[in-house]
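[1] what's the 3D shape of this:
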Amino acid sequence: MTCDRLVCANCAAPVSEGRCPVCRASRERLHQEGGLAGLFSGLSPVALLALLIVLIAVSVLAHQAA
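    Just a heads-up that it's a prediction; the model follows:
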């Protein structure tokens, strides 16, 4: 998620501008969440389910091959 379209409830300015402490804190929090959780947050639930099924299938096949 980006803060481009978010509006601060405290000062009614765009969060991306960081005009007040609330804006700056929200912007910083959003930028810190860009790790692994940010990678999967853009995927739809169907895509996450498909990824899970593929990982389970690979695990089963690897277990059978061993």
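[2] and the helices in this structure?
    Counting by DSSP state H, one finds helices in the chain at the ranges 21-32, 36-41, 45-65.
[3] deepest-packed of those helices, please.
    Most buried of these by mean neighbour count (mean count of other C-beta atoms under 10 Å) is helix 21-32; its value is a mean of 14. Heads up, the C-betas are built off the backbone N, CA and C, glycines and all.
[4] now it - C-alpha only, PDB.
    Taking C-alpha atoms only, helix 21-32 is exported to PDB below (Å, rounded to 0.1, in the frame of the first residue of the first chain):
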ATOM      1  CA  PRO A  21       3.100  14.300  13.400                       C
ATOM      2  CA  VAL A  22       0.200  11.900  12.600                       C
ATOM      3  CA  CYS A  23       0.900  12.100   8.900                       C
ATOM      4  CA  ARG A  24       4.600  11.500   9.400                       C
ATOM      5  CA  ALA A  25       4.000   8.500  11.700                       C
ATOM      6  CA  SER A  26       1.500   6.900   9.300                       C
ATOM      7  CA  ARG A  27       3.800   7.500   6.400                       C
ATOM      8  CA  GLU A  28       6.800   6.000   8.300                       C
ATOM      9  CA  ARG A  29       4.700   2.900   9.300                       C
ATOM     10  CA  LEU A  30       3.600   2.300   5.800                       C
ATOM     11  CA  HIS A  31       7.100   2.500   4.500                       C
ATOM     12  CA  GLN A  32       8.400   0.100   7.100                       C
END
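[5] low-confidence ranges in the chain?
    1-3, 33-41 (pLDDT under 70).
[6] give me that answer again for 50
    Scanning the chain for pLDDT under 50 picks out no residues.
[7] list the contacts of the nearest residue to residue 17 once chain neighbours are set aside.
    Residue nearest to residue 17 in three dimensions, not counting chain neighbours: residue 23, with 6.8 Å by C-beta to C-beta, 6 or more residues apart in numbering. Contacts for residue 23 (C-beta atoms under 8 Å, 6 or more residues apart in numbering) come out as 8, 10-11, 13-15, 17.
[8] from these, list just the buried residues.
    Buried members of the contacts of residue 23, counted by 16 or more other C-beta atoms under 10 Å: 8, 14-15.
[9] and the gap between the nearest residue to residue 26 once chain neighbours are set aside and residue 24?
    The shortest distance from residue 26 to any non-neighbouring residue, by C-beta to C-beta, 6+ apart, is to residue 15 (5.2 Å). Remark: distance between residue 15 and residue 24 (C-beta to C-beta, to the nearest Å) = 9 Å.
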